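1. show me how the following folds:
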Amino acid sequence: MARSGPDVFRSRERRAVFWFLAVAMVVVVAAVTIAVIGGGESEPLPEVAPEHLVDPLPVTRPVSRADIETLRLPVAARGYRMTDVDDVLDRLAAELAERDARIAELEAALAGAQATADGGGAALFEKRARPDDDGERSGD
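-> Modelled structure (predicted):
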């Protein structure tokens, strides 16, 4: 059984499209390979400058909640850059230690002031409760 004219033409057309796509794919793969390799003495890809913390925590004032909420750490190939994370954590630890020390200082001052106020009130109460020279209590 012989093929008719239109069937033969379709078969040739399909082969031509196949070979065209195969050659185009080889050309694209070769172009990408040459672009990545760089074609010789130069480096394949230039080194990218490492990403650094764009908006670090303020140095001139204490860190606020808004500073922490707006803080964005740069991402590296395997997560966050350890040096930036360590710097932020060290700064926050120092801020918290400073605030804890200030709170302890203020609480001690408040306790001292309350003790003085209570002691002054107790002395006044004792003075009123002590008997006078004639044996009567003052305030009676």
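2. show me what secondary structure element comes after the lowest-mean-pLDDT helix or strand in the chain.
-> Least confident helix or strand of the chain, by mean pLDDT, DSSP states H and E, is strand 75-76 with a mean of 78. Per DSSP states H and E, the first helix or strand lying C-terminal to strand 75-76 is strand 79-80.
3. check which element follows that following strand along the chain.
-> Assigned by DSSP H and E, the successor of strand 79-80 is helix 82-129.
4. need the contact list for residue 82.
-> Residue 82 is in contact with no residue at all, counting by Cβ atoms under 8 Å, 6 or more residues apart in numbering. No exception for glycine: its C-beta is placed from N, CA and C like everyone else's.
5. check what pLDDT it gets.
-> With respect to pLDDT, residue 82 scores 84.
6. what separation do you get for it and residue 76?
-> 8 Å (Cβ to Cβ, to the nearest Å).
7. swap in residue 111?
-> 48 Å.
8. again, but for residue 37
-> According to Cβ to Cβ, residue 37 and residue 76 sit 25 Å apart.
9. and for residue 63?
-> With Cβ to Cβ as the criterion, residue 63 and residue 76 are 23 Å apart.
10. swap in residue 88?
-> Separation of residue 88 from residue 76 (Cβ to Cβ): 14 Å.
11. so between the two, which is more surrounded?
-> More crowded of residue 88 and residue 76, by other Cβ atoms under 10 Å: residue 88, with 18 against 13.
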